[in-house]
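**Student:** Predicted model and sequence follow; I will ask about them next.
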Amino acid sequence: MPAAIQVRRTGGPEVLEYTDVEVGDPGPGELLVDVRAAGVNYIDTYHRGGVYPLELPFTPGMEGAGTVAAVGPEVTGFMVGDRVGWQGVLGSYAQRHRVPAGVAVRIRDGISDEVAAATLLQGVTAHYLVASTYPVRQGDTVLVHAAAGGVGLLLTQLAKARGARVLATVSTAEKEELARGAGADEVIRYTEVDFAGEVRRLTGGEGVAAVYDGVGKSTVDGSLASLRPRGVLALFGASSGPVPPIDPQSLNKAGSVYLTRPTTVHYTATREELDWRVGELFDAVEAGSLSVRIGGRYPLAEARQAHEDLQGRRTTGKLLLQP
């Protein structure tokens with residue numbers, strides 16, 4: 001019987017339980033996949049903690065890659081032995097997973113299972129942020145928070161590829177080095193200075209065209225204060241905690257700025273959109289213009305440690321579980 005991580009009650013990392021589970025045969029439109037790598041993402045901690053409530057018990061994990069072990073009825077385009085990846089499908093912290101064929105993507109020969117699992121959810125997030133939420137243009141200046149994290153490193157590279165000047169926030173010298181290696185033009189140690197004031201200094205008082213903020217509660221006020229008139233705050237996560245209600249009048253005072261809370265499901269609403277985003281990411285990986293940093297690998301049974309490290313901000317790049 002295959003093993004998986006289960007959450008029987010919400011709470012801290014200690015509620016992640018390694019146990020045997022029944023998986024069953026793939027149903028109509030499904031693939032049964034032997035999971036080779038599962039991505040660890042902040043949304044997994046929101047599910048585990050009950051911030052985003054789910055029916056209990058459940059297996060966490062929204063992203064992974066592996067090999068097709070069986071193909072369910074009504075599936076076309078996939079066969080046993082194909083390597084596939086997915087994002088947005090709950091239950092990926094497992095040795096075997098039933099994945100809807102409609103969201104599975106074929107992994108190219110030149111891309112490893114680990115790189116695929118490290119690219120999909122966070123890569124698609126980074127792609128929609130710079131290509132759609134605020135489409136970065138040549139000459140724009142943008143601010144990327146947590147620039148040494150999984151999304152941050154990808155965001156920085158993709159924004160630079162579109163011609164942006166990237167200001168990045170980090171907490172340590174090691175993370176500053178990683179952000180600069182990804183192409184950040186200026187790196188701000190938010191633990192040492194007021195980042196909003198530093199953004200104003202670095203932009204000659206103008207502010208930035210967009211702030212990409214996955215931190216949330218501790219940064220949102222400074223993010224609004226960093227925008228130029230009619231700039232965009234893309235608040236795509238809340239690693240420091242949920243953001244309190246925002247008075248719309250504060251958007252006026254900040255310069256008629258825009259606030260949006262984008263999420264992946266609305267930016268992969270069709271198969272064509274998903275294939276476009278993943279295709280551009282895989283193209284960049286294969287061309288060597290997008291580097292995917294895997295910052296930590298953990299056996300499946302050590303999912304608790306992965307969550308503790310992620311939430312303790314002891315990590316850089318992407319964390320993977322190895323079932």
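**Tutor:** Yep, it's here. Numbers count the residues shown, from 1 in each chain.
**Student:** Can you give me the buried ones in whichever strand or helix holds residue 211?
**Tutor:** Using DSSP states H and E, residue 211 sits within strand 208-213. Residues of strand 208-213 classed as buried: 208, 209, 210, 211, 212, 213 (neighbour count, 16 or more other CB atoms under 10 Å). Quick note: C-beta positions are derived from backbone N, CA and C, even for glycine.
**Student:** cool, and stretch 201-209?
**Tutor:** Within stretch 201-209, the residues that count as buried by 16+ other CB under 10 Å are 202, 203, 207, 208, 209.
**Student:** cool, and stretch 88-99?
**Tutor:** Across stretch 88-99, burial judged by 16+ other CB under 10 Å covers 88, 89, 91, 92, 93, 94, 95, 96, 97, 98, 99.
**Student:** Could you work out the end-to-end span of it for me?
**Tutor:** This stretch, stretch 88-99, spans 10 Å end to end (CA to CA, to the nearest Å).
**Student:** Now for residue 66: which residues touch it?
**Tutor:** 33, 34, 35, 36, 37, 83, 84, 97, 113 (CB atoms under 8 Å, 6 or more residues apart in numbering).
**Student:** which one among the buried residues of stretch 201-209 gets closest to residue 306?
**Tutor:** Comparing the buried residues of stretch 201-209 against residue 306 with CB to CB places residue 208 closest, at 32.4 Å.
**Student:** pLDDT score assigned to the closest one?
**Tutor:** We have a pLDDT of 98 for residue 208.
**Student:** and what of residue 216?
**Tutor:** Looking at residue 216, its pLDDT is 89.
**Student:** What is the neighbour count of it?
**Tutor:** 20 (other CB atoms under 10 Å).
**Student:** How much space separates it from residue 98?
**Tutor:** Distance, residue 216 to residue 98, using CB to CB, to the nearest Å: 32 Å.
**Student:** just checking, residue 250 touches residue 223?
**Tutor:** No: the criterion here is CB atoms under 8 Å, and residue 250 misses it with residue 223 at 11.6 Å.
**Student:** returning to that earlier point: counting by contacts, list what whichever helix or strand comes after the strand holding residue 211 packs against.
**Tutor:** Downstream of strand 208-213, the first helix or strand assigned by DSSP H and E is helix 220-225. Helix 220-225 sits against helix 195-202, strand 208-213, strand 227-235, with contacts defined as 3 or more CB pairs under 8 Å, 6 or more residues apart in numbering; DSSP states H and E.
**Student:** doesn't residue 180 fall inside a helix?
**Tutor:** Yes: per DSSP: H, G, I helix; E, B strand; the rest coil, residue 180 lies within a helix segment.
**Student:** ok, now which ones touch it?
**Tutor:** Listed by CB under 8 Å, 6+ apart, the contact partners of residue 180 are residue 187.
**Student:** Equivalent analysis for residue 5, please.
**Tutor:** Neighbour list for residue 5: 16, 17, 18, 19, 59, 60, 61, 93, 94, 300, 303 [criterion: CB under 8 Å, 6+ apart].
**Student:** now with 7 Å?
**Tutor:** By CB atoms under 7 Å, 6 or more residues apart in numbering, residue 5 lies in contact with 16, 17, 18, 59, 60, 93, 300, 303.
**Student:** Same list (these) but as TSV, adding pLDDT.
**Tutor:** Shown next, in TSV, are these (pLDDT from 0 to 100):
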residue	pLDDT
16	98
17	98
18	98
59	98
60	98
93	98
300	98
303	98
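**Student:** and which of the buried residues of strand 208-213 is nearest to residue 68?
**Tutor:** Closest approach between those and residue 68, by CB to CB: residue 212, at 34.5 Å.
**Student:** surely that closest one meets residue 155?
**Tutor:** Yes: Residue 212 is in contact with residue 155 according to CB atoms under 7 Å; the separation is 5.6 Å.
**Student:** shared neighbours of the two, anything?
**Tutor:** 129, 144.
**Student:** List the strands paired with the longest strand anywhere in the chain, with their directions.
**Tutor:** Counting by DSSP state E, the longest strand found in the chain is strand 30-40. Strand 30-40 pairs in its sheet with strand 63-71 (antiparallel), strand 96-100 (antiparallel), strand 318-322 (antiparallel), by DSSP bridges.
**Student:** Let me have those in JSON lines, adding mean pLDDT and distance to residue 9 as columns.
**Tutor:** Shown next, in JSON lines, are the strands paired with strand 30-40 (pLDDT from 0 to 100; distance: least, CB to CB, whole Å):
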{"stretch": "strand 63-71", "mean pLDDT": "97", "distance to residue 9": "24"}
{"stretch": "strand 96-100", "mean pLDDT": "97", "distance to residue 9": "22"}
{"stretch": "strand 318-322", "mean pLDDT": "96", "distance to residue 9": "21"}
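**Student:** Cheers, nothing more for now.
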